[in-house]
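Engineer: generate coordinates for the sequence data below:
(one chain, ligands or ions: 1)
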Amino acid sequence: MLSNNPEFQDLLLLHGRDRRFGKLEEELKSLPDDITRIENKISTENKSIELAVSEWKELESKNNSLEKEILEISEKIAKSRVRQLEVKKNEEYQALESEISNMVVLRSEREDKQIEILIKIDDAKATAEIAQDKIVKRVNELGQQKQNLEDRITHARSELVRLNLEIESARKQVENVMLKTYDRVKKVVARAPYLAPLKDQKCSGCNLRVSNDVISTALVEQRLTQCDQCGRIVYIER
Ligand SMILES: [Zn+2]
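Structural biologist: This next block holds a predicted model:
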């Protein structure tokens, strides 16, 4: 069997390393996008905290202006009451009285509104605090995921350097003609694998049936041969 041939096994070893190299390169290409996706998630989460907090703050400021308004109305009522004591004419007194009662109604409306707002503030505060707790946890998790990916990049880069050396030494082991064929196949075939075992007379690289010539070369002559459909080097496994 060709697959038992030590020279062919050298080629298989090279192929295995080339494939790992290719996979690592692909991973390194996609990792920065994965990191960007996580960064976007983190910023979305942070924005949702800001949103919850800003709703709460907005209610607080509504409450403050109501508070101020109520105070002003109360002052006006007090002033009108003082003036009531000073006026002589009954009509003037009555006019002030109706002014006061209007202001009392208005103040009571504002006070009701304030109670509503205060209840909303309690809810908004609770929501913001829960959101903050939850989101801070989530952001921490995402930060950890990002860190892992960054570590992965560092690791993959040094792995690539190491593999490159291993590939160089594996190439030196491979018999010259085989190596030339292999390099040619690598150029022609768009994607790994470049070596594919035959299964049921089919090339496992492209899944198409190979010709009888190819089978007989691989099986009987035990020579290096290529799939006549995709060009990959095909062989018969033990
Ligand atoms: Zn094929």
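Engineer: so which bits of the longest strand along the chain are buried?
Structural biologist: Using DSSP state E, we find that the single longest strand of the chain is strand 195-199. By 16 or more other Cβ atoms under 10 Å, the buried positions in strand 195-199 come out as Leu195, Ala196, Pro197, Leu198. For glycine as for every other residue, the C-beta is placed from the backbone atoms N, C-alpha and C.
Engineer: buried ones in the helix or strand bottoming out on mean pLDDT in the chain, by neighbour count?
Structural biologist: The helix or strand of the chain with the lowest confidence, counting by mean pLDDT, DSSP states H and E, is helix 212-216 at a mean of 91. Judged by neighbour count using 16+ other Cβ under 10 Å, the buried positions of helix 212-216 are Val214, Ile215.
Engineer: tell me if the helix or strand following it is near the ion.
Structural biologist: Moving toward the C-terminus from helix 212-216, the next helix or strand (DSSP states H and E) is strand 225-226. No: applying Cβ under 5 Å from the ion, one finds strand 225-226 separated from the ion by no less than 8.2 Å.
Engineer: list of residues touching strand 225-226?
Structural biologist: If you take Cβ atoms under 8 Å, 6 or more residues apart in numbering as the criterion, strand 225-226 is touched by Thr181, Val185, Val214, Thr217, Ala218, Arg232, Ile233, Val234, Tyr235.
Engineer: show the pLDDT at Met1.
Structural biologist: At Met1, the model reports a pLDDT of 62.
Engineer: same check, this time on Lys120
Structural biologist: For Lys120, the predicted pLDDT is 96.
Engineer: which of the contacts of strand 225-226 sits closest to Ser54?
Structural biologist: Arg232 (60.4 Å; Cβ to Cβ).
Engineer: and that closest one, what does it touch?
Structural biologist: Arg232 touches Val185, Val189, Pro193, Tyr194, Leu195, Ala196, Cys203, Gly205, Cys206, Gln226, counting by Cβ under 8 Å, 6+ apart.
Engineer: so what pLDDT did the closest residue to it other than its chain neighbours get?
Structural biologist: Closest residue to Arg232 apart from its sequence neighbours, by Cβ to Cβ, 6 or more residues apart in numbering: Gly205 at 4.0 Å. Here, the pLDDT recorded for Gly205 equals 94.
Engineer: assign a three-state SS to Gly205, would you?
Structural biologist: Look at Gly205: counting by DSSP: H, G, I helix; E, B strand; the rest coil, its state is coil.
Engineer: for Phe21, the count of nearby residues, please.
Structural biologist: Number of residues near Phe21 (other Cβ atoms under 10 Å) recorded here: 17.
Engineer: surely it meets Asn164?
Structural biologist: Yes: with contact defined as Cβ atoms under 8 Å, Phe21 reaches Asn164; the gap is 7.1 Å.
Engineer: which stretches of the protein form strands?
Structural biologist: Secondary structure of the chain (DSSP E): strands at 195-199, 202-203, 225-226, 233-235.
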